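>>> Here is my input; please provide its structure:
(2 chains)
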Amino acid sequence: DAGVTQSPTHLIKTRGQQVTLRCSPKSGHDTVSWYQQALGQGPQFIFQYYEEEERQRGNFPDRFSGHQFPNYSSELNVNALLLGDSALYLCASSFHTNTGNQPQHFGDGTRLSIL
Amino acid sequence: GEDVEQSLFLSVREGDSSVINCTYTDSSSTYLYWYKQEPGAGLQLLTYIFSNMDMKQDQRLTVLLNKKDKHLSLRIADTQTGDSAIYFCAERSDSGGGADGLTFGKGTHLIIQP
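Next comes the predicted model:
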């Protein structure tokens, strides 16, 4: 039973470029959340997708956008990259129930470095 | 706004118990979580507790929740070298609509002395 998988594992970009990160949720999960973890910090919530729609967003600018596909996989897009966007980007998946979502399970992340 | 605070470092001797503490500010928190992160890896869910519970035990792990003081702790019994990692406390608020983005602390580095 595969857990949450993310690709690529590492990525190097330059300022002003655009990047797309990908996530496949754990089998049976239908909800995907994205987090940014800067060095030495805890993860910061970016947004959450369910039923192919963004249903909650953290305090991140519009340069950060996402998408969820019918198979529940998800993409995170970041435009006009800044040096401060260098971080580990974590994807988490969970299963939505009528009494609330089950706990989120995380992938190993994509390490994004901006030069 | 929401805030989660943790001590940055904890050093314990192998075989002793480790107690990692966390405080949070959001009174509408519904679930509280403990995650473990090893170097170069993602977050591993260790355990979680619903806000109407006081305690939860799972093998070597014991979670205590004091909702009045908004204080959460994780006790690891018989700490081993493999427990060396960063431990994150996270809270989930009832934001409505079923959405549940988590708010994390900065993490506690658990250092095991031989």
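>>> Identify the residues contacting stretch A:65-83?
With CB atoms under 8 Å, 6 or more residues apart in numbering or on different chains as the test, stretch A:65-83 has contacts from A:13-25, A:29-30, A:32, A:34, A:46-47, A:49-54, A:63-64, A:85, A:89, A:91, A:93, A:112, A:114. Every residue, glycine included, has its C-beta placed from N, CA and C.
>>> from those residues, which are also near chain B?
Filtering the contacts of stretch A:65-83 for proximity to chain B (criterion: CB under 8 Å from any CB of the partner chain) leaves A:47, A:50.
>>> Give me the subset of the contacts of stretch A:65-83 lying in strands.
Using DSSP state E, A:13, A:19-24, A:32, A:34, A:46-47, A:49-50, A:53-54, A:64, A:89, A:91, A:93, A:112, A:114 are the members of these that sit in strands.
>>> show me where pLDDT drops low in chain A?
Low-confidence segments of chain A (pLDDT under 70): A:1, A:99-100.
>>> what about 90?
A:1-2, A:96-102 (pLDDT under 90).
>>> where does chain B have low pLDDT?
B:1-3, B:25-30, B:40-41, B:51-52, B:92-101, B:114.
>>> mind redoing it with 80?
Chain B contains residues with pLDDT under 80 at B:1-2, B:27-29, B:93-99.
>>> Please identify the residues of it in proximity to chain A?
Close to chain A, as judged by CB under 8 Å from any CB, chain B has residues B:4, B:30-31, B:33, B:35, B:40-45, B:48, B:88, B:90, B:95, B:97-107.
>>> For ChimeraX, what selects the buried ones among those residues?
Only the buried entries of those go into this ChimeraX selection, using 16 or more other CB atoms under 10 Å in any protein chain shown:
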select /B:4,31,33,35,42,43,48,88,90,98,99,100,101,102,103,104,105,106,107
